[in-house]
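Trainee: From the sequence below, what's the structure:
(one chain, ligands or ions: 1)
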Amino acid sequence: MELLQVNGLLKHYGTPTLTESINLSLKQKRRRSSPPALDGVSFTIGKGEAFGLVGESGSGKSTLARLICRMDTPTAGQLLWNGEDITELRGKRLKGFRQHIQMIFQDPVSSLSPYQTVEQAIREPLRNFGLGSRSERDILVQELIKDVGLDPKLASRYPSELSGGQNQRVNIARALVCKPSLVVCDEPLSSLDAPMQTQILTLLARLRDQRALSYLFISHDLLAVQSLCDRIAVMYRGAIVEIFDSSQMSVIHHHPYTKLLLSSILIANPLKRHQWKETETEKDDKATSEEGGCSFYNRCPFGTPLCREVKPQLKLRERGHYAACHELDDTSDL
Ligand SMILES: Nc1ncnc2c1ncn2[C@@H]1O[C@H](COP(=O)(O)OP(=O)(O)OP(=O)(O)O)[C@@H](O)[C@H]1O
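Mentor: Residues are numbered from 1 along each chain as shown. This next block holds a predicted model:
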């Protein structure tokens, strides 16, 4: 059985409240309701699996992370945890569930209280969830400090007295102290320099093996995701446009948006990376997903009238490879 099953998640932030809607005309309502942050997202994460999520800024990655951790509720859709529906969990049951999914955030310093030492920050979740006796907590905290590669002498230091990498290790220890099954890592490398990114990636890989953890690993960096994850999902404008095994990244026929992401890795000069974006101006600006077509149509060099009219569905192409693209329909039918 899958650890986590995400079924058709929809999140709409821009919907006017009931009172507001009464006073708005239909035209005003249409203008007020922005496109959904998540538009029917479905995937699964297996036990012990590292599942990567990539996509540009604003594509809905953090929204998805927050919904999975039940820090926010979806507008529609379903979340199953070990087969149990957790979409509507409330109160004590929700608090109990939170122990099983922990999150690591982008900014290691602001994720920690400036008034807590390393030791206090790691111990806090144990107290919140009422786990272990005082001496058991002491042992767990000391073990974790060593396990995440921190010098035990740093235990009494505050975040301002540590480097970014050391603070991120504290966040990782804090996330692991309650022995979660799934850790959601939301851009955990992006505020670190390159050597530190490699160290944290290596640490996450080791901890996963040692503790049989599952990860939802979110990043802009496709290579970092490939190095850690078993499978990769690519998000564009609130939808998953492709899912593939990371071992297949260099051999499969990708969705055009993934090709664009891959080209940004392969083309060293940043000014030459986004040449595809210029196609936006060559096409009818009104032809967007709002009218039912492919949301990538305006940026896609392969777009056809069918892409403008009909939204492509995420379909199985070959073993482990799903993509939402009419162009790939043609190639897979060959
Ligand atoms: N609390 C909120 N209220 C209103 N709109 C929001 C809220 N949070 C996110 N959004 C909108 O939802 C969309 C998705 O945002 P989200 O932060 O999930 O994207 P992201 O892919 O994580 O971006 P980034 O990589 O920059 O963090 C964006 O259009 C954003 O403006």
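
Trainee: Give me every residue in this structure lying close to the ligand.
Mentor: Contact residues, the chain versus the ligand (C-beta under 6 Å from any ligand atom): 13, 37, 55, 57-63. For every residue, glycine as well, the C-beta is placed using N, CA and C.

Trainee: Run through the protein and note the low-pLDDT ranges.
Mentor: Along the chain, the model assigns pLDDT under 70 to residues 15-33, 266-291, 330-334.

Trainee: thinking again about what came up before, now restrict the residues of the chain next to the ligand to buried residues only.
Mentor: Buried members of the residues of the chain next to the ligand, counted by 16 or more other C-beta atoms under 10 Å: 37, 55, 59-63.

Trainee: Which of these sits closest to L79?
Mentor: Proximity of those to L79 (C-beta to C-beta) peaks at T63, which lies at 13.4 Å.

Trainee: Helix, strand, or coil at the closest one?
Mentor: helix (DSSP: H, G, I helix; E, B strand; the rest coil).

Trainee: ok so, going back, out of the buried ones among the residues of the chain next to the ligand, the closest to S156 would be?
Mentor: S62 (32.7 Å).

Trainee: if we can go back for a sec, the buried ones among the residues of the chain next to the ligand: which two are farthest apart?
Mentor: A37 and G55 (11.9 Å).

Trainee: Name whatever forms a beta bridge with the spatially most central residue of the chain.
Mentor: The centre of the chain sits closest to I218, judged by C-alpha atoms, centre = their mean, with a distance of 3.8 Å. Per DSSP bridges, the residues bridged to I218 are L53, D186.

Trainee: How about the contacts made by it?
Mentor: Taking C-beta atoms under 8 Å, 6 or more residues apart in numbering as the contact definition, I218 lies against 52-54, 61-62, 65, 184-187.

Trainee: Could I have the buried ones of the residues you listed as ChimeraX selection syntax?
Mentor: Per 16+ other C-beta under 10 Å, the buried members of the contacts of I218 correspond to this ChimeraX selection:
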select :52,53,54,61,62,65,184,185,186,187
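
Trainee: nearest to I101, of the contacts of I218?
Mentor: Distances from I101 to these, taken by C-beta to C-beta, are shortest for V184, at 6.4 Å.

Trainee: quick one: that closest one from S219, how far?
Mentor: Using C-beta to C-beta, to the nearest Å, V184 is found at 12 Å from S219.
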